[in-house]
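> Just the structure for this:
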Amino acid sequence: MRDLAVIVPARNEERLLPGLLAALAAQQDPRFTVVLVDNASTDRTPALARTSPLDISVVSEPSRGAGTAADTGFRHAIAAGALLLARTDADCLPAPDWTAAIRRHFRSGAEMICGRSVPRRDENPGLLERHLYPAFVRTAALYGRHRHRGPGFRTPFVLVHGHNLALTADLYIRSGGTPRELLTEGSEDVTLLNRCRRATGRIVRAEDVVVESSLRRLRAWGPRRTLLWHWDRRYRPTPEEADIR
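Coordinates of the predicted model:
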C-alpha cells in the first residue's frame, strides 16, 4: 500500500470503469494505490479491476450504499498503512494532475481537500448541462454555508463532491469518517465534511483539483429532481434511482 490511497466505490460499473482506470493510469504522479470497493455488483466490475495494471486492491462490501462502500474502502486503506486518502467514483475521469494537485495541497498543510467537478466532455454536455447546472450547484452550496453553521464548526462550509475529495487518514479517524448510509437516507459527502469541520480548521476548497463527472444522474432523474437534490436534499431518490451514482 502506497502512502496515498484512492478509494473507488463501485456497483455494476463495467461500462464506465475502464475510463476511470485509464485516467488513473495516466496520472502525472503515479504514487498511489487504488482501493476499489465492489458494492454487491452483479456484472464484471471486480474482474475488470483485477486485470488493471495499476497498483489496485479489490475489496467487497455487500451492504449497498456509496457511503457504506466508501467507508469500507477508507478503513481498508488505513489498516494497510495509507496516510493520505482520496476518493472518486467509477464513472469519473480525474484530470492528469489530480493526484499531483492533491499532494501539493497536503504539503501546504491541508487536512481535507474538496475539489472541483466539471461535466464529462465525452458525454457531450449541452449548454445548460455545461454552464447552468454547475452554477446552480455552486449556488446551492452558498445556501449550505448558511444551513450548515454553528458554534462547533472550526471552518466555514464549502462545496464538496463525494467523487472528488481527499483527507488525511488521521482526520478520517478523528472525525468518525463517512456515514454508512444509503443515498436515500442522506448525503454522505456533506456529513463527512461536517464531521471534519468539527475536528479541524484546515479544510480547503481546491479549484485546481479537477474531476470530470458523469451527467447520467442528471439525465436519469431530470433537472427538477436533480436540482431539488442539491438544494439541501429536498428530493430523495427511490432505491433504484439511488444506484445511479
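> Just give me the residue closest to the centre of this protein.
The geometric centre of the chain, computed from its C-alpha atoms, lies nearest to residue 163 (C-alpha atoms, centre = their mean), at 2.1 Å.
> Tell me the spatial nearest neighbour of it, not counting adjacent residues.
residue 89 (4.0 Å; C-beta to C-beta, 6 or more residues apart in numbering). C-beta here means a position set from N, CA and C on the backbone, and glycine is covered the same way.
> Over to the residue with the largest distance to the centre of the chain. Which of the three states is it?
Going by C-alpha atoms, centre = their mean, the residue of the chain most distant from its centre is residue 151, 26.9 Å out. At residue 151 the chain is in coil, as set by DSSP: H, G, I helix; E, B strand; the rest coil.
> Over to the one 4 residues further on?
Using three-state DSSP, the three-state assignment for residue 155 comes out as coil.
> swap in the one 3 residues further on?
The local conformation at residue 158, judged by three-state DSSP, is coil.
> Can you tell me how far the residue nearest to residue 163 is from residue 23?
12 Å (C-beta to C-beta, to the nearest Å).
> Counting neighbours, go ahead and name the busier of those two.
residue 89 (23 against 18; other C-beta atoms under 10 Å).
> circling back to that earlier point, now the residue nearest to residue 163, what's its secondary structure?
With three-state DSSP as the basis, residue 89 sits in coil.
> wait, it sits on residue 216?
No - at 10.9 Å, residue 89 does not count as touching residue 216 under the criterion of C-beta atoms under 8 Å.
> got the contact list for whichever helix or strand residue 170 is part of?
Here residue 170 is covered by helix 169-175, with elements defined by DSSP states H and E. Contact with helix 169-175 is made by 74, 77-78, 82-85, 111-112, 192, 195-196, 198-200, as judged by C-beta atoms under 8 Å, 6 or more residues apart in numbering.
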